[in-house]
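[1] need the 3D shape of this:
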Amino acid sequence: MTTADIEDNTQNPIRAHKNGTDYDFASPLDMGAGQINSNKAFDPGLIYAAAGQDYVNLLCSLNNCWHPILKCSTTSPCYTCSTPSSHLTYPSFIFLYGDATRSINRIFQRTTNVDQGPAIYKFQLTTPPSTLITVLPEILVYGKKYAKQSYTVTISQNGKENHACIYWFSSLGGTKC
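    Next up is the predicted model:
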């Protein structure tokens, strides 16, 4: 996912078939991770690692909608619903705002450096005007390959459907969201 392209082969934003014969810019829900770029997949730079408990926490946050699945996944004493979370450590994330006119959400992301050695990543952000996004720290410093770092994303938005993207860039390349 972190190595998929969000531009097509003409370097323009991916478009989606919206209604009838019209094409419009694709939203993240239209295009998923983007178009596969197998060359980038050999050297992704940063990776996000979600563990089994992370998926259980996500299911636990869905107001018992997933109770049968949870029953199966929590048969092991390793998995519990003690820390439900609507966020998954994953390159992309979705917040559901309901009827709120203004809402603030905070997520915590864990990343692993898979570059060949030490790396420094800085972020670049694309965001709509109605959304305020803060990323801290603004620079991720990895002392060696497989080193782990975390960052926090705080999002304040007006309750309408919106999307944004965070890119982490090093001198060797970039990783999205």
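[2] skipping its backbone neighbours, what lies nearest Asn57 in space?
    Ser85 (4.3 Å; CB to CB, 6 or more residues apart in numbering). Backbone N, C-alpha and C define where each C-beta goes, glycine included.
[3] got it, and Arg106?
    Thr154 (4.8 Å).
[4] hmm, back to that, the residue nearest to Asn57 and Val56 touch, don't they?
    No: the pair Ser85 / Val56 is not scored as a contact, 9.6 Å apart, by CB atoms under 8 Å.
[5] just to revisit the earlier point, and the residue nearest to Arg106, how close does it get to Ile104?
    7 Å (CB to CB, to the nearest Å).
[6] what touches both of the two?
    Jointly contacting Thr154 and Ile104 under the rule CB atoms under 8 Å, 6 or more residues apart in numbering is no residue at all.
[7] higher neighbour count, Ser85 and Val56?
    Ranked by neighbour count (other CB atoms under 10 Å), Ser85 and Val56 place Val56 first, with 24 against 15.
[8] so the more buried one is in which element?
    helix 52-60 (DSSP states H and E).
[9] quick check: mean pLDDT across the host helix or strand of Trp168?
    With elements taken from DSSP H and E, the one containing Trp168 is strand 165-170. Mean pLDDT, computed over strand 165-170, is 82.
[10] packing partners for that strand?
    Judged by 3 or more CB pairs under 8 Å, 6 or more residues apart in numbering; DSSP states H and E, strand 165-170 is in contact with strand 119-126, strand 173-176.
[11] mean pLDDT for the ones you listed: which is lowest?
    strand 173-176 (a mean of 60).
[12] buried ones in stretch 5-16?
    Using 16 or more other CB atoms under 10 Å as the test for burial, stretch 5-16 gives Asp5, Ile6, Ile14.
[13] narrow those residues to those in helices?
    Using DSSP state H, no member of the buried residues of stretch 5-16 sits in helices.
[14] need these in CSV (columns: pLDDT and distance to Ala119).
    Below are the buried residues of stretch 5-16 laid out as CSV (pLDDT from 0 to 100; distance: CB to CB, whole Å):
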residue, pLDDT, distance to Ala119
Asp5, 71, 21
Ile6, 72, 22
Ile14, 76, 28
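[15] would you convert the residues you listed into TSV that also reports distance to Asp22?
    Formatted as TSV, these follow (distance: CB to CB, whole Å):
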residue	distance to Asp22
Asp5	23
Ile6	20
Ile14	15
